[in-house]
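# would you be able to build a 3D model of this:
(one chain, ligands or ions: 1)
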Amino acid sequence: MRERERERERDIKHLVKEEQYQKTKSIVEKFGEPGGTGELLQEKLLEKSINTHNWVYDYWLDDMYLNQRLALPVNSNPAMVFPKQDFRDHKDSLKFAAHLITGVLEYKKHIDTRALPVDFSRGQLAGTPLCMKQYYRLFNTYRLPGLKRDTLVIHETGSTEQEHIIVACKNQFFVMDLVVKEKTLKEMDILSQLEKMVKMAENTEERQPPFGLLTSDGRTEWAQTRDVLIKDSVNRESLAVIEKCLCVVCLDDPSGMEVGDTSRALLMLHGGGHEKMGANRWYDKPMQFVVGEDGVCGTVCEHSPFEGIVLVACTEYLMKFMTGSPSKIGRATSVSELPAPRRLLWKTTPHIQGLLKASAERLQRLVRDLDMDVHKFEVYGKEFIKKQKMSPDAYIQVSLQLAFYRCNGRLVSTYESASIRRFHEGRVDNIRSATPETLAFVKAMTDEKTSLSDSEKIKRLWDAINAQTNSTIAAITGMGIDNHLLGLREISQEIHMEMPEIFTDETYVASNQFILSTSQVPTTVEMFCCYGPVVPNGYGCCYNPQADHLLFSVTSFHGSTETSSAVFIKALDEGLVEMRDLCKTSNKPQSNAAAASKAVEKSQGAGSKPPSTPQKTLK
Ligand code: COA
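Purely as a prediction, here's the structure:
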């Protein structure tokens, strides 16, 4: 416990005012006293760890997702943007969609037969097998809205109830049964069903109100509306069909926007609002593919069942399937007499119309507020960083801190997701990147730029990189601080203890407001991930390091006077160039990366020490 206190101290001392720090210090010391509250909670957590696969999983899922009340688009659902497609005509885009759905069915077969190869960790501490559970939740899950807490519904894998997908077109929702007369549809059947759906969607007389909009609303608002909807059997049936589907495929009309990286990312995150494609979505469904007639394609995902890394593995499979396996249209035998696709019907009332209008307005506000900038930094990529014998991820994190400091003159509580899939049911913990060493470095590159020598600057850069690498290794080996504190906090509530002061203290509250929320989502196929900020005055920054360039998707809100995605990107660009120049002139790459790893092991004891609360590793 004492050691954890010291780590926490390291994390926050330079981020809060001295007076507040002293107050927090005494609260933490009291919490950690022998025989005190901290010890009691730790014992309870240890008991829990004996009886569960993963002591933090449920707490984490509730805290990170299910208890959150903000709307899913932008605030929670990440998107993966596929390369822009060059469709010659509308039919071409439907062929693409049919090919994609065929790929999904192939991938699903691997999941159902448990034939996916086990992933192994790469990068830091490479070679450990990783928990595969998230893959088994890609297609069989649904986030059901609740008045206070949502529920992650999990259908049995391979269940016969789940033999359909939902196709959205012109804000209409259609059911595509994938098994007809005991035969799975072939690609040409899928295409023919899609064509029929498009025709049906064009029939304005039968058009239904844009109910998908409701899923874009705040979670409590959507849960309240859903309670109204299910009073009617027609709505109840439509909802039941959607909630059990494998995935949603959204056939989008051209958005009319100029098709660049940023606009494509926006269309994935929020669909451009109700006037564009924002209602042609069902945001609760974890796997939702978008195929736009104008070539804008990707996925937008409900995040609670899986992480971006698993999403990348699935979508890369699909991209490779689509480029590597020729479309089977025209060659396969078709299932004869396909039934007409079913359009989902909705019963509406003036009250429901009012709710739809309110949801549309709230989505529009979110759309107007999002400030997004997707930027390809082309001066160098991760190979240059590796040549410096530095961890590319640590280097990029330090560059993000430098950019933030340049823009704001201070560092803030920062989140970097660290995979803990080395542990059974492991999801992520947090690498707190705003370290004191990084603060010293960013000051050297700004406030103290002219007064410090290059050798001092490079020394500080190395200190920052090593500190960041240490924190990364700690987090991925189950030694992160955030999950542990969350566990202590939540177990105090489970045993009906009054909330300990450590968790109501201003420092704790502020240290969980992630003004900078960052994540590495690397891809081996041309595509990129993006997501929104997690606080109103914050940035979301997703990056994809490639051998010769670095791709950044930066988001913030126009409503905040403290942020601007374009200004942040400019500062990032400048900092990355200055860091390269510093390395070129002053870095003497240490003889090997092992030096850094050894330093890490020495300071953290990683690999030799069990996590503070045991987690079950994979066998
Ligand atoms: N010298 C030279 N090369 C180095 C080095 C050094 N000092 N340190 C690392 N490298 C190399 C690695 O061997 C690796 O090589 P590879 O590209 O051949 O695999 C590469 O640089 C990348 O390593 P690094 O930059 O240190 O990062 P990492 O791959 O270990 O990733 C995290 C670090 C934290 C991003 C990763 O552990 C993680 O948790 N990823 C998941 C994040 C996540 O969940 N995102 C989605 C959230 S929705």
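
# how about the nearest residue to residue 172, chain neighbours excluded?
Excluding its sequence neighbours, the residue lying closest to residue 172 (Cβ to Cβ, 6 or more residues apart in numbering) is residue 201, at 4.7 Å. In short, each C-beta sits where N, CA and C put it, glycine included.

# who's in contact with that neighbour?
Residue 201 is in contact with 169, 170, 172, 174, 207, counting by Cβ atoms under 8 Å, 6 or more residues apart in numbering.

# give me the buried entries from those.
Listed as buried from the contacts of residue 201 are 169, 170, 172, 174; burial here means 16 or more other Cβ atoms under 10 Å.

# would JSON lines of these with pLDDT, secondary structure and distance to the ligand be doable?
Output for the buried ones among the contacts of residue 201, formatted as JSON lines (pLDDT from 0 to 100; DSSP: H, G, I helix; E, B strand; the rest coil; distance: Cβ to the nearest ligand atom, whole Å):
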{"residue": "169", "pLDDT": "98", "secondary structure": "strand", "distance to the ligand": "29"}
{"residue": "170", "pLDDT": "98", "secondary structure": "coil", "distance to the ligand": "31"}
{"residue": "172", "pLDDT": "98", "secondary structure": "strand", "distance to the ligand": "31"}
{"residue": "174", "pLDDT": "98", "secondary structure": "strand", "distance to the ligand": "30"}
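
# for those residues, work out which two are farthest apart.
Greatest spacing in those, by Cβ to Cβ: 170 and 174 (10.4 Å).

# which of the three states applies to the residue in the chain positioned nearest to the ligand?
Nearest to the ligand in the chain, going by Cβ to the nearest ligand atom, is residue 123, at a distance of 2.1 Å. Classification of residue 123 by DSSP: H, G, I helix; E, B strand; the rest coil places it in coil.

# could you check how far it is from residue 397?
Plainly put, residue 123 is 13 Å away from residue 397 if you go by Cβ to Cβ, to the nearest Å.

# cool, residue 280 as well?
Distance from residue 280 to residue 397, by Cβ to Cβ: 37 Å.

# circling back to that earlier point, of residue 123 and residue 397, which one has the most company?
residue 397 (29 against 13; other Cβ atoms under 10 Å).

# for that one, what is the enclosing helix or strand?
Residue 397 is part of helix 392-408, with elements assigned from DSSP states H and E.

# please apply the same query to residue 383.
With secondary structure defined by DSSP H and E, residue 383 is part of helix 382-387.

# worst-scoring helix or strand of this protein, pLDDT-wise?
Ranked by mean pLDDT, DSSP states H and E, the helix or strand of the chain with the weakest confidence is helix 593-604, at a mean of 47.

# now residue 551. Nearest residue, chain neighbours left out?
Sequence neighbours aside, residue 544 is the residue nearest to residue 551 in space, at 4.2 Å (criterion: Cβ to Cβ, 6+ apart).

# who does the strand or helix carrying the one you found touch, helix- and strand-wise?
Applying DSSP H and E as the criterion places residue 544 in strand 539-545. If contacts are counted by 3 or more Cβ pairs under 8 Å, 6 or more residues apart in numbering; DSSP states H and E, strand 539-545 sits against helix 392-408, strand 516-520, strand 528-530, strand 550-557, helix 565-586.

# deepest in the core, which of the ones you listed is it.
Of all the helices and strands packed on strand 539-545, strand 528-530 carries the top mean neighbour count, a mean of 28, counting by mean count of other Cβ atoms under 10 Å.

# so what are the sheet partners of that one and their directions?
Here strand 528-530 has these sheet partners by DSSP bridges: strand 79-81 (antiparallel).

# okay, the helix or strand following the strand it pairs with in CSV with CA atoms only?
Scanning forward in sequence from strand 79-81 by DSSP H and E, the next helix or strand is helix 90-112. Once non-C-alpha atoms are left out, helix 90-112 reads as follows in CSV (Å, rounded to 0.1, in the frame of the first residue of the first chain):
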residue,chain,number,x,y,z
HIS,A,90,-24.9,2.8,-56.8
LYS,A,91,-24.8,-0.9,-57.7
ASP,A,92,-21.1,-1.0,-57.1
SER,A,93,-21.6,0.2,-53.5
LEU,A,94,-24.2,-2.5,-52.9
LYS,A,95,-21.8,-5.1,-54.3
PHE,A,96,-19.2,-3.9,-51.8
ALA,A,97,-21.8,-4.2,-49.0
ALA,A,98,-22.7,-7.8,-50.1
HIS,A,99,-19.0,-8.7,-50.2
LEU,A,100,-18.5,-7.2,-46.8
ILE,A,101,-21.5,-9.1,-45.3
THR,A,102,-20.1,-12.3,-46.8
GLY,A,103,-16.8,-11.6,-45.1
VAL,A,104,-18.6,-11.0,-41.8
LEU,A,105,-20.2,-14.4,-42.1
GLU,A,106,-16.8,-16.0,-42.8
TYR,A,107,-15.3,-14.3,-39.8
LYS,A,108,-18.3,-15.3,-37.6
LYS,A,109,-17.7,-18.9,-38.6
HIS,A,110,-14.1,-18.7,-37.2
ILE,A,111,-15.6,-17.2,-34.0
ASP,A,112,-18.3,-19.8,-33.6
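
# dump the residue contacts of the residue most central in space within the chain.
Per Cα atoms, centre = their mean, the C-alpha nearest to the average position across the chain is that of residue 78, at 4.8 Å. Shown in contact with residue 78 (Cβ under 8 Å, 6+ apart): 300, 301, 303, 308, 311, 529, 530, 531, 542.

# pretty sure the fourth one contacts residue 527?
By that I understand residue 308. No. Using Cβ atoms under 8 Å, residue 308 makes no contact with residue 527, being 11.5 Å away.

# any stretches of the stretch 151-300 of the chain with poor pLDDT?
Within the stretch 151-300 of the chain, the stretches with pLDDT under 70 are 158-161.

# what segments of it are helices?
Along the stretch 151-300 of the chain, the segments classed as helices by DSSP state H, counting those that start in this stretch run 187-202, 219-229, 233-243, 261-270.

# need the winner for burial among those helices.
Most buried of the helices of the stretch 151-300 of the chain by mean neighbour count (mean count of other Cβ under 10 Å) is helix 261-270; its value is a mean of 24.

# for that one, packing partners?
Under the contact criterion of 3+ Cβ pairs under 8 Å, 6+ apart, helix 261-270 touches strand 79-81, strand 288-292, strand 297-300, helix 350-369, strand 370-377, strand 528-530.
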